[in-house]
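In: Take this sequence and fold it.
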Amino acid sequence: MEIKWCVCDVDGTLIDSQRRLTKKTIQAIEDMRQAGIDLILSTGRSPLFIRELTASLKIKGPVICCNGGMIQHAGSGKTLFSKTIHKELIHALAKGFLANQIDALMYSHDHIYYNYGSRRAQLYHDFNEQALPEFRVPLTEIRKAEELPDTIMKFFVWDVDQAAVKNLEKTYSREGQLYLVSSMRGSVDIMSNGVSKGEALRFLAETQGIDLTKTAVFGDNYNDVSMFQFAALPIAMENGEEVAKQAAKYVTLSNDEDGVAYGIRRYILK
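Out: Numbering: from 1, shown residues only. Okay, here's the model as predicted:
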C-alpha cells in the first residue's frame, strides 16, 4: 500500500505519557518526510496549544484542531475551516458548569478560557512558564457565562463523572445540537453537531487533494475512530481504548514505547 499522508493524534499517541516528543519519533517523522510522506496532526487541542509542536516537527501544511472544530494551515496561519457552537448553547453550557463547579475549558480561535477554580488550567499555566513567548497560550478565567465570546469551538470538561456525561448527552447530543466524545479517560469534549476528526479529514480530502486511499492514521481514543473509518491504514496505539483497537487495521506499541516511530517503520516505510 502506497502512503502519501500520515495523520497523527497527539496526546496518548504522538507524545508519551510525560508529554514528551522523543528523538526516535522525531527521526521517524523526518525519514517519512524524506520519503515524500506528509504529516498532518489531528488533535483535540486548541490551535494555540500545538504551535510549539508544529514548529518542532517543521509542519507547514494543515493541522486539525479542536477535534475537527478548526483546521488551520500551520505554514500561513490561515484558517481553512472552523465551526463554532451556537451562542445560546455556549451560555447554557457555561452557566451549568459554573453553577455545578465542573472543571471546564473553552477554546476560541485566539484564546483559552477556563472556569473559576479550574485545576486543569494549571497545565496551561505551567506550560506558559517554560515556553518561549511566541508559543505561550492566552488564558482568561471566567466567573460568568456572559464573559465568553460567541466564537467558542469546543468545551473540554475534565474529571467529570459518567452521570454528568449521560445527562449532557440526553440534553444536547440526542437532539442533534452538539457532538460529545471522549478524548481521554475522565473527560468529554463538546463541539458543534457535525464536527469530528473524521469529518475534518474528509474536508481535507475534498478541498486539499488528500487521497484517503493513500492515508495512514495513528490514534488511541474514541475521538480517533471517526478518522479510522475514512483512512486506508488505521493504526491504534497499544495504550489506546479497546474501541480504537477494534477499529484499526494494526495495533502498534504504546506511546511510552515510541509506538508511532515503530508503526511508521513497520507499516508505512517498511
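In: What residues does the closest residue to residue 82 other than its chain neighbours make contact with?
Out: The shortest distance from residue 82 to any non-neighbouring residue, by Cβ to Cβ, 6 or more residues apart in numbering, is to residue 70 (4.4 Å). Bear in mind the C-beta positions are built from the backbone N, C-alpha and C, glycine included. By Cβ atoms under 8 Å, 6 or more residues apart in numbering, the contact set of residue 70 is 47, 64, 79, 81-83, 109, 153.
In: how about the strands of the protein, start to end?
Out: Using DSSP state E, the strands of the chain run over residues 5-8, 38-41, 62-65, 70-73, 79-82, 104-107, 112-115, 139-142, 154-158, 178-181, 187-192, 215-219, 233-236, 250-251.
In: For the last one, give the mean pLDDT please.
Out: Mean per-residue pLDDT for strand 250-251: 98.
In: and it, which strands flank it?
Out: Strand pairing for strand 250-251, determined by DSSP bridges: strand 233-236 (parallel).
In: go on, the longest one?
Out: For strand 187-192, the pairing partners within the sheet under DSSP bridges are strand 154-158 (antiparallel), strand 178-181 (antiparallel).
In: Pull the residues that contact it.
Out: 44, 66-69, 83-86, 93, 153-160, 165, 168, 172, 178-183, 223.
In: Next: the third one.
Out: Outside of strand 62-65, the residues that reach it under the criterion Cβ under 8 Å, 6+ apart are 7, 40-43, 45-47, 50, 54, 70-74, 80, 197, 200-201, 204, 208.
In: The same query, at a cut-off of 6 Å, please.
Out: Residues from elsewhere that reach strand 62-65, judged by Cβ atoms under 6 Å, 6 or more residues apart in numbering: 40-42, 47, 71-74, 200, 204.
In: picking that back up, can you redo the strands of the chain as TSV with distance to residue 261?
Out: Putting these into TSV (distance: least, Cβ to Cβ, whole Å) gives the following:
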stretch	distance to residue 261
strand 5-8	11
strand 38-41	12
strand 62-65	20
strand 70-73	25
strand 79-82	28
strand 104-107	29
strand 112-115	30
strand 139-142	32
strand 154-158	28
strand 178-181	27
strand 187-192	26
strand 215-219	10
strand 233-236	12
strand 250-251	14
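In: Figure out which of those is closest to residue 128.
Out: Residue 128 lies closest to strand 139-142 among those, at 7.3 Å (Cβ to Cβ).
In: What is that closest one packed up against?
Out: strand 112-115 (3 or more Cβ pairs under 6 Å, 6 or more residues apart in numbering; DSSP states H and E).
In: Would you mind listing the buried residues in the strand it packs on?
Out: 112-115 (16 or more other Cβ atoms under 10 Å).
In: quick one: strands adjacent to that strand?
Out: Assessed with DSSP bridges, strand 112-115 is paired to strand 104-107 (antiparallel), strand 139-142 (parallel).
In: Just say which of those strands is most tucked in.
Out: strand 104-107 (a mean of 26; mean count of other Cβ atoms under 10 Å).
In: so how far is that strand from its chain's centroid?
Out: 13 Å (Cα atoms, centre = their mean, to the nearest Å).
In: One more: stretch 233-244?
Out: For stretch 233-244 - counting by Cα atoms, centre = their mean - the centre lies 15 Å from the chain centre.
In: What's the mean pLDDT across stretch 14-34?
Out: 96.
In: State the pLDDT value of the closest residue to residue 42 other than its chain neighbours.
Out: Nearest residue to residue 42, sequence neighbours excluded (Cβ to Cβ, 6+ apart): residue 64, at 3.9 Å. Residue 64 is assigned 98 on the pLDDT scale.
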